[in-house]
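Undergrad: I would like the atomic coordinates for the input below:
(2 chains)
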Amino acid sequence: MSRPSDHYDSPDPALATRARGAASDDGSSSGAGDGSSPDIAQPRLGVVGWLRWFWRQLTSMRTALFLLLLLALAAVPGSLVPQRAADPNGVTQYFVDNPDLAPILDKVQAFDVYTSVWFSSIYLLLFISLVGCVIPRAKHHFDALRAKPPRTPARLSRLAGFEQRAAEPGTNGAEAIEVARGMLRKAGYRAVVFTAPGKNGSEITSVSAERGYARETGNLVFHAALVGILITVGVGGGFGFSGQRVLVENGQTFVNTLSAFDSFNPGRFFSESSLTPYSMKLDKFTATYETKADGAFGQPLDYDAAVTTQEQGGSEQQSDIKVNSPLRIGGTDVYLLGNGYAPTVTVKDPTGKVVFTDSIPFLPQDASLTSVGVVKVPDGLSQQLGMIGFFYPTQAVSTTGAYYSTYPDDDYPVLTLNVYQGDLGLNGGTPTSVYSLDTDTLSQLTGGSTGVASIELKPGESTALPNGLGTISFDNVARYASLDIHHDPTQGYVLLFASLALLGLLISLFIPRRRVWVKATERADGSVTLEYAGLARGEDPRLVPAVADLAERHAKLLAGRAVPETNA
Amino acid sequence: MTQTIDEYSVFFLYAAMAVYAFAFIAFALDLARRSAQVGAGNEVGVDGSVTTRERVLETVGAGGSSAVSGSVATAAPVGVGGSGAARKGLFSRGGGAEASLSASGDGAVTKRSLSLRLGVAFTLIGFLLELTADVLRGIAAARVPWANMYEFSMTGTVLIVGVFLVVITRVDLRFLGTFITGLVLILLGVSTVNYYVGVAPLPPALQSAWLVIHVFVASLGTAFFALGFALSAIQLVQYRREAIGAGARTLKLKFMASLPDSKRLENLAYRVNIVGFVFWTFTLIAGAVWAERAWGRYWGWDTKEVWTFIIWVIYAGYIHARATRGWRGSRSAVLAIIGFAAVLFNFGIVNVFFHGLHSYSGL
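TA: Here you go, the predicted model:
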């Protein structure tokens, strides 16, 4: 069986089974492909029979169609609910906003739709169905590629584009067919000549031709390429990794080792030894903003991270990383995905001894880069200190007295800090986020309801910490770049398979597969009748014009041949 | 300078919309005329031409001139399918009695549809105006004019009309004129009122050659899907009319009798939709290549990616349905309609209201 029984081009079971003679030809009655009928006593199915039945169901067109539509439907929830893989913060927020609903959704894997059991089973079933359909078709096609076109049907008059012409007197039937065969071969047809005895001892010569075998080849390539994509993505994803690292200007150097990543997601088959050593330092981060256009004032125009890299045994190299132009180095791709400000803060104890100094990346909150960050001073003071800071690159004061930023560049930078003291929770060894501060165990010293004004600093300024704890200074502000470092050894193959799929699709949709016949019947009086007809195999809107065109050109060619003969 | 050019662009856009409105009216008149002619028992072709049988002309002549002037008001005075006598009858259409006399030969008279040709002419003018508006917007912004919702709408509708105008030179789908101009008018109306933003520079994420390719091909695919949608929708109505059969006269949409049968409509819809599908497949691949460069991964189930995938799967289902016994015909047409609904949803809802990396609506 080359195709699923319910494929449109397969023999219609409604025609094959008498009992279903009532079923309409276009199959509009539901389940026309079942082939079951109450009138027929069916043999009992054994285990193998049931398995075969199940396999037939799975590889049928209807099942494939059903699974396709189910796949489309199943993909929808992932766009309505934030997904852990794409938007982890959104998921956290969703849990906060919908405390009752979120755990239920989580149970049905609504936050991991595309790796969920149910989504995976749909596409795996779909691909099993696809493979089960494609393999027999591939075998059948392979046979068809080596087979000759079938014998010319006895009656062409029922076929598409049927045309009957009387050949010019003196035309030889066999010769006319030979001419037609030449034309068809030139047009890419596989053509075979048949002769059959006709009525009254006359002879019927015909050419049976078929073209467009590539249509099925393209179809098979398309489906095989989809399987290729699935396998490459599934297996290849296991060998790669993705990691994130924040680099502050003129600050830290990244070295490509596991501990140097801020976060790291390895694939299943990843091993640390596959990391190629190299180092990368952010020299300068330049952000350019629109200063003119109305409505677009402050919109980013360009981000440029100038980095110095050095591969093992190599010399230092300067490169630029931009949003649409990642840096390819040491088997990894480095992408510029975010940026922000990192104020440098120094804390001194009451004796003037520096107990803390660091550039702390603040997370941008809006388009004008109002940023929030956390400063933690665990050692050196009488109490552990935590500070929640707001950074305004170009500070302005609203009518309510609240601060905000009017422009993303650091034209008038201001840093405000709310100070907390108490146990920062760092001593227990539990990892905590550097971007958040758990204030439950802390007592607030400035800002909010304390009645003490928040600390407010401009670059270069310093002020005393409350309760005589010491002093704090805002030394300067640097830019940081948030870099994603990826390694995916198989994405090239994914692209290759995707391109093959597109190519296969083009071929399978636009190359028509058709059979064409030309038949010459010699009458007793020596006159020759020529018949032309075609048969579409699959979609072929141009079949009838193609047959008409063939008949026309054939007649012209015969006439052209006839003329010199008569002259001679 | 930028602003001035953009103002010209907006002016041309409004001019185009006005002309599209005229085109819409002309196309609608053509449909009304078809209904009237079908109701009067005349044969109306797909191209809107009315073939009046001799018998009918006689009745008209006897009954008075009201029916004649009614049909002539919108019908073109050109195009003759019959004998010289019929031609004479056409030119002397002022007098009913004379017409019936001169058309006494056995030839049928065929009249082309003036309103239909006016509709196409208006559509072409509107297209040129809108194309000008689009190009001016691009000049004003010094980049391709498709980087926010307003520009997506403008370029997208230019492409819808452009594809329509190209397709009707090959297959007579002019009867879709009301749908196409109506759809374009609605899209442009929504976009000029709700989506208009001044010229803004490209954010860094969009500064890529892939913006030119990916978005343009996506819009082109959408244009073909729009045509396919219209054909599939009409196919469903036509199928119902055919199913009713003899009782078709009771159906209100009489002009349906002048349109191709549901099988032909289905085949046309399929041919248009598969072109859209190929463009959509390319959009998906090009988008993945671009996503790899801009965001560091070629596929991440971003909301826009999800919906592009959903649309692709629906149309893949449509193509399979065409090859599945029991699913050809109306069922596959329903899938094509759902597919285009998803395209509109992806454009109008996902772009504006969903969070994701594709947040370039500019709103």
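
Undergrad: so which elements touch the helix or strand containing residue A:140?
TA: Per DSSP states H and E: residue A:140 is located in helix A:117-146. Under the contact definition 3 or more Cβ pairs under 8 Å, 6 or more residues apart in numbering or on different chains; DSSP states H and E, helix A:117-146 sits against helix A:47-58, helix A:61-75, helix A:213-236. Where you see a C-beta, it was placed from the backbone N, CA and C, and this is true even at glycine.

Undergrad: so where's the stretch 151-300 of chain B uncertain?
TA: In the predicted model, the stretch 151-300 of chain B carries pLDDT under 70 at residues B:245-251.

Undergrad: in it, which spans are helices?
TA: If you assign secondary structure with DSSP state H, counting those that start in this stretch, the helices in the stretch 151-300 of chain B sit at B:177-190, B:209-210, B:216-244, B:262-295.

Undergrad: which residues touch residue A:281?
TA: By Cβ atoms under 8 Å, 6 or more residues apart in numbering or on different chains, the residues touching residue A:281 are A:247, A:252-254, A:307-309.

Undergrad: tell me which of the helices and strands packed on helix A:117-146 lies nearest to chain B.
TA: Between chain B and the helices and strands packed on helix A:117-146, the tightest spacing by Cβ to the nearest Cβ is seen for helix A:61-75, at 4.0 Å.

Undergrad: mind checking if that closest one is in reach of chain B?
TA: Yes: shown here: helix A:61-75 in contact with chain B (Cβ under 8 Å from any Cβ of the partner chain) through A:61-62, A:64-65, A:68-69, A:71-72, A:75.

Undergrad: name the nearest residue to the residue of the stretch 101-250 of chain A found nearest chain B, ignoring sequence neighbours.
TA: Per Cβ to the nearest Cβ, residue A:114 is where the stretch 101-250 of chain A lies closest to chain B, at 5.0 Å. In space, not counting the residues next to it along the chain, residue A:114 is nearest to residue B:301; the distance is 5.0 Å by Cβ to Cβ, 6 or more residues apart in numbering or on different chains.

Undergrad: how close does the residue nearest to residue A:173 when sequence neighbours are not counted sit to residue A:526?
TA: Nearest residue to residue A:173 in three dimensions, chain neighbours excluded: residue A:520, at 3.6 Å (Cβ to Cβ, 6+ apart). Between residue A:520 and residue A:526 the distance, using Cβ to Cβ, to the nearest Å, works out to 12 Å.

Undergrad: so these two - more neighbours on which side?
TA: The residue with the greater number of neighbours, taking residue A:520 and residue A:526 and applying other Cβ atoms under 10 Å in any protein chain shown, is residue A:520; the counts read 24 against 12.

Undergrad: what helix or strand is the more buried one on?
TA: Following DSSP H and E, the helix or strand that holds residue A:520 is strand A:514-522.

Undergrad: so what strands line up beside that strand?
TA: For strand A:514-522, the pairing partners within the sheet under DSSP bridges are strand A:203-211 (antiparallel), strand A:528-536 (antiparallel).

Undergrad: from residue A:332, how far off is residue A:310?
TA: 14 Å.

Undergrad: sorry, back to before: and the next helix or strand past the helix holding residue A:140?
TA: strand A:160-166.

Undergrad: then that next one to PDB, C-alphas only?
TA: Provided in PDB are the C-alpha atoms of strand A:160-166 (Å, rounded to 0.1, in the frame of the first residue of the first chain):
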ATOM      1  CA  ALA A 160      -9.000  15.100 -19.000                       C
ATOM      2  CA  GLY A 161      -8.400  17.400 -22.000                       C
ATOM      3  CA  PHE A 162      -9.500  14.700 -24.500                       C
ATOM      4  CA  GLU A 163      -9.100  15.900 -28.000                       C
ATOM      5  CA  GLN A 164      -9.600  14.100 -31.300                       C
ATOM      6  CA  ARG A 165      -8.100  15.200 -34.600                       C
ATOM      7  CA  ALA A 166      -8.000  13.900 -38.000                       C
END
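
Undergrad: and that strand, how far out from the chain middle?
TA: Its chain's average C-alpha position is 49 Å from that of strand A:160-166, according to Cα atoms, centre = their mean, to the nearest Å.

Undergrad: now for it, which elements pack on it?
TA: Identification of packing neighbours for strand A:160-166 by 3+ Cβ pairs under 8 Å, 6+ apart yields strand A:528-536, helix A:543-567.
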